[in-house]
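# what follows is a predicted structure for the sequence shown.
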Amino acid sequence: MLGLNSRDFKLFIVVCLMALAAPILLNPFPTASALGESFNAGYPALMQRFVIFGILVIGFNILFGLTGYLSFGHAAFLGVGSYAAVWMFKLLSYNVVPAIILSVIVAGLFAVVIGYVSLRRSGIYFSILTLAFAQMSYQLAYSVFTPLTNGETGLQVYNDDPQILMGANSPTSPHFFGLEMNSQYTLDISGWSFVFQNGYYLSAIFLILGFYLSIRIFRSPTGLMLRAIKSNQTRMSYTGINTKPYMLAAFVISGMYAGLAGGLLAAMDPLTGAERMFWTASGEIVVMAILGGVGTLIGPVLGAGIIKYLENIVSKINDSILHQWFAFMPDWLEGVLVTIIHPFIGKGWHLTLGLLFMAVVIFLPGGLVQGGQKIGGLFRRKKTDDAADGAKTPAE
Amino acid sequence: MSKSNFSRRGVLKTGAIAGAGLALPTYLSAASHAGYTNAPTGSSVKFGFNVPQTGPYAEEGLDELRAQELAVEHLNGIGDGGMLNTFSEKNLQGDGILGKKVEFVTGDTQTKSDVARASAQSMIQKDGCVMINGGSSSGVAIAVQGLCQDAGVIFMAGLTHSNDTTGKDKKANGFRHFFNGYMSGAALGPVLEKEYGNERQAYHLTADYTWGWTQQESIAASTEALGWTTTQNVLTPVGAGDFSSYIAPILNSGADTLILNHYGGDMVNSLTQAIQFGLKDKQVNGKDFTIIVPLYSELMAAGAGSNIQGVFGSMNWNWQLQDAGTKAFVKSFGEKYGFPPSNAAHTCYVQTLLYADAVTRAGTFNPCGVAEALEDFEFDGMGNGPTSYRGSDHQCFKDVLVMKGTDNPTNAFDTLEIVEVTPRAQVEYPVDHPMFAGGDLGTCNPGA
């Protein structure tokens, strides 16, 4: 179906269902319960981040997963996309369509320039070049381009901006032809409450489209060419193939995905700042991809989800919440447990992430997807040889 | 390899699914529930404390969090009640707010606007907070204030000193108790004139964001009014860590005064490095080289150690004040944590109590009712003397402290001494003052 083989189609359907049903799936516990208060992730702002960073990392994976070129400056495209989108809000109106289109185009053009220069080198030199460009963009956005970016304060829409397409009755927050991004419908079912928000669904549709495009690229002749570059670029050159256009195409597509993600971030929350381009943001993208499984279709999306979950959920657990959880225990045991867990929660969420990342890199070099395949393999090995074959090639 | 099978049936099917997907949001739009965002329904009400727990302003943020926890305890009747006993309004009895127990959630802003907004969004959307309190960077405070305005909850700003917070970026749902750059300038001016005379060449190092810019503008204006000249203003990135490359040029600039528009860990680093470069021991233009840090805090003073001796600055409040409110707060904070509170802690504590009191006076948690109760509200007993919340820009007006690094400290907490309590009249300004112009308060937004 849809030009996909049956296995990819199944995966695609799973992703579609997960994206569309996320408001339900991410709220497994009743809202008022202790578990729900701490671990439910089904609120719009976080779900938006799940899918938007999912889009970003899907794009990153087209470059890193297929060609093996590690871009360490991908956040620059995200930032450029966000600035483009917010400027569209400032100049035209709060309609997200021009904003998202322009953010993709601007990020694409930016990627052409950076890619053209950076792709002259490979390996570590390529990574350093992209990092340098990204940091340069960050510094420019931070200080030199202050009139354009509003520096550290961040670019936002003010009441006295031109907004030439803005009618008298136009919504005053981002909208899709009148459909406001932040309007939502809350479904209350006996203790659970599920929030369906327009903005989330717009992002989810883009995630689905982006994921579909990424499968098609992975399975296309171009995808095969990119993989050939990963396995041995020199040999490709010797056989008379000019690899440069393929590389540049992958780089630009990947940059456009990042621009789309940036535009969506701005569409959900019309404010942006230079910090989106900082090198730690680029590093986060790399970590997301590796955590989930580089070169796999679904892995990067999982990685993005896990990091955003830790950042938003674990960082909000504090000692008083821990005391609530362990209140049923004797006081001394409660004290001991809280002391042990304390470094890993709240501001210590980076530590939790670090440990998880180390564990994945050491035990599951193929990322969480490899973990899933291993578990799947335990159950399937007896049936066919097919599964064993799949386990050997985690890069699919 | 790619595989195309665009059959008529396939296209129709796909079209139907895509159409359904696109139509879904229309079906789901227009949530309608009466009242205001996160109206508390049960027996409790939730506050969100959104402070930097990591990053250059983490020290201040963690101290704010301590004070916020203390405020919640006092509201719920735990502990000795602190400033509730000295506050001029007596509506809060230690039984929560309007009979509802106060609960809170915390978040880490990391001193980044994006993260702060994500954290505040989670507090509003997931935890159902009716009020967000916090800050410790004006960029972050302004970003979160805008978010709260859109979401329809009250933002009680913590430590934010930029003129813009209640100037060009002011919002109807946001309130600031802390003082601002203009007030620092107005308070410091006369003291600096008395101490250093009328002929000084000032070199500014300024944190490159809204707070740094507006404070620099304010200080430059007030020192230039004394007859000082501003030699140069150099913008430095926040969290730079190493300022030596910015400090070396000062030696050759001919300036005899260094004004550090830095805060938190940045100020500790830049001041320490300035001293290491020997600036303080130099003689320029026949005068002793001096350093001024317009915005001080105890935590910075502790971090900078002996380097701050004799350095002038200003503060919103200090634990060494001798009024009843200060004494009560310092006593309960000290008993709980073992050291005196910083002025960041004080402002967050006071803001939480002020919000609670406004809710009881309004009889509702509705942001519009609360805002009305806070606007032009006069109170006393919170450590700053008689104070009022101006309705037209939601800025508090009160006395400002001019501080100096203690020359001969006697203990670990004896780092700053109060030089002068600048009376409120001297730091007041009209709402349309040029440094605060261009903003639009808008109207209060109760949300859904």
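That came through fine. Numbering: from 1, shown residues only, chains lettered A, B, ... in the order given.

# low pLDDT regions in the stretch 201-350 of chain A?
Nowhere does the stretch 201-350 of chain A drop to pLDDT under 70.

# and the residue of it found nearest chain B, what does it touch?
Residue of the stretch 201-350 of chain A nearest chain B, by Cβ to the nearest Cβ: residue A:347 (3.9 Å). (C-beta placed from N, C-alpha, C; glycine too.) By Cβ atoms under 8 Å, 6 or more residues apart in numbering or on different chains, the contact list for residue A:347 reads A:315, B:53, B:54, B:58, B:108.

# so which helix or strand takes in residue A:245?
helix A:244-268 (DSSP states H and E).

# output the contacting helices and strands for that helix.
helix A:44-67, helix A:75-91, helix A:96-118, helix A:198-219, helix A:221-231, strand A:271-272 (3 or more Cβ pairs under 8 Å, 6 or more residues apart in numbering or on different chains; DSSP states H and E).

# stretch B:348-365 and chain A in contact?
No - Stretch B:348-365 stays clear of chain A (Cβ under 8 Å from any Cβ of the partner chain), getting no nearer than 15.7 Å.

# CA atoms of that stretch as PDB?
Taking C-alpha atoms only, stretch B:348-365 is exported to PDB below (Å, rounded to 0.1, in the frame of the first residue of the first chain):
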ATOM      1  CA  CYS B 348       9.300  35.100  45.900                       C
ATOM      2  CA  TYR B 349       8.000  34.600  49.500                       C
ATOM      3  CA  VAL B 350       6.300  38.000  49.500                       C
ATOM      4  CA  GLN B 351       4.800  37.400  46.000                       C
ATOM      5  CA  THR B 352       3.300  34.100  47.100                       C
ATOM      6  CA  LEU B 353       1.700  35.700  50.200                       C
ATOM      7  CA  LEU B 354       0.500  38.700  48.200                       C
ATOM      8  CA  TYR B 355      -1.200  36.400  45.700                       C
ATOM      9  CA  ALA B 356      -2.800  34.400  48.400                       C
ATOM     10  CA  ASP B 357      -4.100  37.600  50.100                       C
ATOM     11  CA  ALA B 358      -5.400  39.000  46.900                       C
ATOM     12  CA  VAL B 359      -7.300  35.800  46.300                       C
ATOM     13  CA  THR B 360      -9.000  36.000  49.700                       C
ATOM     14  CA  ARG B 361      -9.800  39.600  49.200                       C
ATOM     15  CA  ALA B 362     -11.300  38.900  45.700                       C
ATOM     16  CA  GLY B 363     -13.000  35.800  47.000                       C
ATOM     17  CA  THR B 364     -12.000  34.000  43.800                       C
ATOM     18  CA  PHE B 365      -9.000  32.500  42.000                       C
END
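
# averaged pLDDT, it. What do you get?
Stretch B:348-365 carries an average pLDDT of 92.

# next one: that stretch to chain centre, how far?
18 Å (Cα atoms, centre = their mean, to the nearest Å).

# between the helix holding residue A:245 and helix A:96-118, how big is the angle?
Using axes from the mean of the first three to the mean of the last three Cα atoms, to 10 degrees, the direction of helix A:244-268 lies 150 degrees away from that of helix A:96-118.

# quick one: helix A:244-268 to chain centroid distance?
12 Å.

# swap in stretch B:297-316?
With Cα atoms, centre = their mean, you get 18 Å for stretch B:297-316.

# mind checking the SS state of the closest residue to chain B within the stretch 151-300 of chain A?
The stretch 151-300 of chain A approaches chain B most closely through residue A:152 (3.3 Å), counting by Cβ to the nearest Cβ. Following DSSP: H, G, I helix; E, B strand; the rest coil, we place residue A:152 in the helix state.

# ok now do residue 228, which residues does it touch?
This is for chain A. residue A:236.

# that was the other one, I meant chain B.
Residues counted as contacts of residue B:228 (Cβ under 8 Å, 6+ apart) are B:198, B:199, B:200, B:201, B:202, B:257.

# ok, and the most crowded of the residues you listed?
residue B:257 (26 neighbours; other Cβ atoms under 10 Å in any protein chain shown).
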